[in-house]
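Undergrad: Please work out how this folds:
(one chain, ligands or ions: 1)
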Amino acid sequence: MAEVGRLFEEGEMFVPEMLIAARAMQAGMAILKPHLAEGEITSAGTVILGTVAGDLHDIGKNLVGMMMEGAGFEIVDLGTDVSADAFVEAVREHKADIIGMSALLTTTMPSMTATVEALTEAGVRDQIKVLVGGAPVTQAFADEIGADGFAPDASSATRVAKGLLGIS
Ligand code: B12
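TA: Numbers count the residues shown, from 1 in each chain. Just a heads-up that it's a prediction; the model follows:
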């Protein structure tokens, strides 16, 4: 999947090919997982993923989840139209390391701001890294709302997530 990500970033592979590769990887993981669980292999970390309130786009988010899973992360996918409260609830319920928020509409980007504020109000902001992405989202916007990271695509999302947790 790392190679697929590299080829995607270089413009040699496209979204459908990435989806096919991710699906093949998931099928392989389903076979390997029970054996990996028996061994000493530990998870890279837990990521809560969701498309923010008011937004139903999930193709990019799902791709991010698949790539991260391929890199060894545990994914808790909250789906689409996820409220700030639901993100806060999930942080409390799962011992997660990262929240990954996706927004595809300029009109739903403020839901990211609201979620970061809700995390702070709930007193859990310090426990978790916030990663944002989606076509209209930029590094400048991520900085503005106090997110810890931004990535423009699924392969760099995995790299940034690892960086946030200090994994090379
Ligand atoms: C497919 C699609 C839909 C589908 C969604 C199906 C689904 N299950 O997702 C449907 C038909 C439902 C839809 C509906 C609407 N859509 Co629409 N849709 C698109 C479309 C064509 C493709 C989006 C997509 O999947 N791209 C492919 C994925 C792989 O790319 P991606 O999402 O950007 O994700 C990558 C990165 O952004 C990043 N990433 C994504 N999430 C995350 C999260 C994290 C944490 C990180 C680190 C990275 C990351 O990594 C991903 C993989 O590399 C875009 C146009 C376009 N060309 O982008 C319009 C688009 C996003 N839609 C648009 C609009 C306006 C709408 C509607 C409002 C239309 C309407 N009037 O009803 C509704 C809104 C519904 C809602 N409330 O959400 C506009 C948004 C305009 C704007 N600036 O806000 C767009 C840009 C079309 C346009 N040019 O007008 N849409």
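
Undergrad: Output the longest strand belonging to this structure.
TA: strand 45-51 (DSSP state E).

Undergrad: Using PDB, write down the CA coordinates of that one.
TA: The C-alpha trace of strand 45-51 is given here as PDB (Å, rounded to 0.1, in the frame of the first residue of the first chain):
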ATOM      1  CA  GLY A  45      -2.500   3.400  17.000                       C
ATOM      2  CA  THR A  46      -6.200   3.900  17.000                       C
ATOM      3  CA  VAL A  47      -7.800   6.400  14.600                       C
ATOM      4  CA  ILE A  48     -11.400   7.700  15.000                       C
ATOM      5  CA  LEU A  49     -12.500   8.700  11.500                       C
ATOM      6  CA  GLY A  50     -15.600  10.500  10.400                       C
ATOM      7  CA  THR A  51     -17.100  12.900   7.900                       C
END
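
Undergrad: Direction included, what does it pair against?
TA: Paired neighbours of strand 45-51 in the sheet (DSSP bridges): strand 73-77 (parallel), strand 98-102 (parallel).

Undergrad: of all those strands, which lies closest to the ligand?
TA: strand 98-102 (3.2 Å; CB to the nearest ligand atom). Every C-beta, even on glycine, is put in place using the N, C-alpha and C of the backbone.
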